[in-house]
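S.K.: This is the structure alone, sequence omitted:
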């Protein structure tokens, strides 16, 4: 059972130089893993697809973490999919329908910037659906993710968590920076007032959908230097563990020290 989200320790931090060193080392390891699972390195066996889901409050640092994750990869080897509100056509289908075209096949990698968890968070908080529908949707998500894993997809789910005070600080920084102001809109400010409802919905979502086949990792994102390293190293650990579980051993490159 997940700890309540309010119990997450947000004090973890990392110096900028140490963070950069570990990011570069992790990126080298990610390149190695990605080329290997694409069948481009020994043993030249195509591995399972990788699906990384990023969730978190607005301004939690998802974009920065995604840039570090994909920055060293050949753009032909990774796809980033931003998830917004469903279109009218998408709303006429089952809520998971719109995600199918973006799922990674074997040997592929997809990153979702937000995901189907909007069903359990945004739609619940906005009262677009009732609580029984939320609960049923959570069960459907669990089985959907199980079917993906059974069919050869590795799933890594990340929630980047920041405090209310830190979010306000970042909002104000965006508002005062002409090059970042576009990231902020009236809905972001409105959503801040709904934080208690989001925290309740988040606790339920984590408890209902955290399973061995698709585990949740909550990242303390108050300090960006720490969060970016934690994201990359968590993905590497989860990815490697699942590959080995499936019988695909990935030896560390000579001189690799991404966790030291």
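M.R.: That came in fine, so what should we check first? Computed from a predicted structure; not experimentally measured.
S.K.: What's opposite the residue most central in space within the chain in the beta bridge?
M.R.: Nearest residue to the geometric centre of the chain (Cα atoms, centre = their mean): residue 54, 2.2 Å. For residue 54, the beta-bridge partners are residue 113, residue 158 (DSSP bridges).
S.K.: What residues does it make contact with?
M.R.: Each residue near residue 54 by Cβ atoms under 8 Å, 6 or more residues apart in numbering is listed here: 62, 65-66, 111-115, 158, 160. C-betas here are computed from N, CA, C, even on glycine.
S.K.: Max pairwise distance over the residues you listed: which two?
M.R.: Spanning the widest gap among the contacts of residue 54 are 65 and 115, at 14.5 Å by Cβ to Cβ.
S.K.: Going along the chain, name the strands of the stretch 151-260 of the chain.
M.R.: Taking DSSP state E, counting those that start in this stretch as the test, the strands found in the stretch 151-260 of the chain are 153-161, 216-220.
S.K.: When residue 65 and residue 115 are compared, which one has more neighbours?
M.R.: residue 65 (27 against 19; other Cβ atoms under 10 Å).
S.K.: List the residues that contact the more buried one.
M.R.: Applying Cβ under 8 Å, 6+ apart to residue 65 gives the contacts 54, 158, 160, 227-228, 231-232.
S.K.: Quick one: work out the angle between the strand or helix carrying it and strand 153-161.
M.R.: Using DSSP states H and E, the element containing residue 65 is helix 62-70. If you take axes from the mean of the first three to the mean of the last three Cα atoms, to 10 degrees, helix 62-70 sits at 140 degrees to strand 153-161.
S.K.: Going along the chain, name the helices of this structure.
M.R.: Remark: helices assigned in the chain by DSSP state H are 16-37, 62-70, 88-91, 122-125, 131-150, 164-176, 186-193, 195-209, 224-245.
S.K.: now the contacts of residue 65 in TSV, with distance to residue 177 and pLDDT?
M.R.: Formatted as TSV, the contacts of residue 65 follow (distance: Cβ to Cβ, whole Å; pLDDT from 0 to 100):
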residue	distance to residue 177	pLDDT
54	22	98
158	26	98
160	20	98
227	20	98
228	20	98
231	23	98
232	26	98
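S.K.: Now the buried members of those.
M.R.: By neighbour count, with 16 or more other Cβ atoms under 10 Å, the contacts of residue 65 hold 54, 158, 160, 227-228, 231-232 as buried.
S.K.: Hmm, residue 4 is touching residue 202, no?
M.R.: No - in this structure, residue 4 is not within contact of residue 202 by Cβ atoms under 8 Å, at 9.4 Å.
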